[in-house]
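Asks: no sequence on hand, only this structure:
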């Protein structure tokens, strides 16, 4: 039975992401579709290539031995597509998007969905990584465009940054904290307080700038060892410490987990940009279309919030 390249691509995504959910985000698919593709591939091969674990997915012995063949298949198909498009004189219809996993407004998912819906013919690939890895993959040509939190005043050389939304910093306050009595927290009340931040590995430039700003205001900063929300909330609860979080300017307030209250800081002094970045001068059709649509979706979300206000 012939082996279908689209199934091999799904297997490769799971193998590299080490999870079906991560592969689904990368491919822009629903998780059940990825699982279905892997099962179909296993039917074509006649043996299992992946095994589910409590932490995600791991390769079987057959999967380990098939992996180099899978990479060759996907690479050969991509090379053939590039040749065919170049021979026809067409722009490529492939978009490789990179994004942060634990940071970004809800409109990020709206942008991805809108692009997939509007461009069903596009071979859409999503990678999830921390911002240093996203920048490196963008520069090396492994990604076409990235969505991330960034300081518009600190655009890395060679890149073009398109701000999509202003992000505003709010606090999640433990219900038993003395700060919970403020509907909106004045900056003066935060002086001498300790605030928990995500680790600087996720968005080093953003976290570094925020850390400096908070310390200049007399606020003590603590960093979580991990970026996932569960760890951050657990540490904030155990230490009875406010937790810093970002929301899009179109959103009323960040969501508060059980036992916490979401509070704005007076004057909204902490801001950053949710932006799309691409290589300056690399004007390919799919990137242009994505940037235009991303700006439209972000603007629509902003207008919707104004109308609801």
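Replies: Alright, I've got the coordinates. Keep in mind it's a predicted model, so treat the numbers as computed, not measured.

Asks: which phi and psi does residue 273 have?
Replies: phi -110, psi 140 (degrees, to the nearest 10).

Asks: so what's it up against?
Replies: 149, 150, 151, 152, 161, 163, 164, 165, 166, 167 (Cβ atoms under 8 Å, 6 or more residues apart in numbering). Yep, even glycine has a C-beta here, placed from its N, CA and C like the rest.

Asks: what's in contact with stretch 196-215?
Replies: Contacts for stretch 196-215 (Cβ under 8 Å, 6+ apart): 100, 102-103, 130-132, 148-151, 154, 169, 195, 221-227, 232, 235-236, 239, 241-244, 269-270, 272.

Asks: for that stretch, what is the distance to the chain centroid?
Replies: Stretch 196-215 has its C-alpha centroid displaced from the chain centroid by 17 Å (Cα atoms, centre = their mean, to the nearest Å).

Asks: what comes up buried for it?
Replies: Residues of stretch 196-215 classed as buried: 196-200, 202-203, 205-207, 209-211, 214 (neighbour count, 16 or more other Cβ atoms under 10 Å).

Asks: next one: stretch 43-62
Replies: For stretch 43-62, burial by neighbour count (16+ other Cβ under 10 Å) applies to 45, 49, 50, 57, 59.

Asks: quick one: contacts for residue 138?
Replies: Contact analysis of residue 138 by Cβ under 8 Å, 6+ apart lists 98, 144, 145, 146, 159, 277, 278, 279.

Asks: could those residues go into TSV alongside secondary structure?
Replies: Shown next, in TSV, are the contacts of residue 138 (DSSP: H, G, I helix; E, B strand; the rest coil):
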residue	secondary structure
98	strand
144	coil
145	strand
146	strand
159	strand
277	strand
278	strand
279	strand
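
Asks: returning to that earlier point: let me know the closest of the buried residues of stretch 196-215 to residue 69.
Replies: Checking the buried residues of stretch 196-215 against residue 69 with Cβ to Cβ, the nearest one is residue 202 at 34.4 Å.

Asks: if you skip the residues just before and after it, what's nearest to the residue nearest the centre of the chain?
Replies: Geometric centre of the chain, nearest residue: residue 100, 2.5 Å, by Cα atoms, centre = their mean. Nearest non-adjacent residue to residue 100, counting by Cβ to Cβ, 6 or more residues apart in numbering: residue 148, 5.3 Å away.

Asks: dig out what the closest residue to residue 278 other than its chain neighbours forms beta bridges with.
Replies: Counting by Cβ to Cβ, 6+ apart, the nearest residue to residue 278 once its immediate chain neighbours are dropped is residue 145, at 4.6 Å. Residues in a beta bridge with residue 145, per DSSP bridges, are residue 97.

Asks: surely residue 145 touches residue 289?
Replies: No: Residue 145 is not in contact with residue 289 according to Cβ atoms under 8 Å; the separation is 10.3 Å.

Asks: so which of those two has more stuff around it?
Replies: residue 145 (24 against 17; other Cβ atoms under 10 Å).

Asks: and the more buried one, what does it touch?
Replies: Counting by Cβ under 8 Å, 6+ apart, the residues that residue 145 touches are 95, 96, 97, 98, 138, 276, 277, 278, 287, 290, 291.

Asks: out of those residues, flag the one nearest to residue 79.
Replies: residue 96 (15.1 Å).

Asks: separation between the closest one and residue 66?
Replies: According to Cβ to Cβ, to the nearest Å, residue 96 stands 24 Å off from residue 66.

Asks: more crowded one of these two?
Replies: Taking other Cβ under 10 Å, residue 96 and residue 66 do not tie; residue 66 has more neighbours (23 against 20).

Asks: and the strand or helix carrying that one, what's buried?
Replies: Assigned by DSSP states H and E, residue 66 belongs to helix 61-88. Neighbour-count burial for helix 61-88, with 16+ other Cβ under 10 Å as criterion, is recorded at 63, 66, 67, 70, 73, 74.
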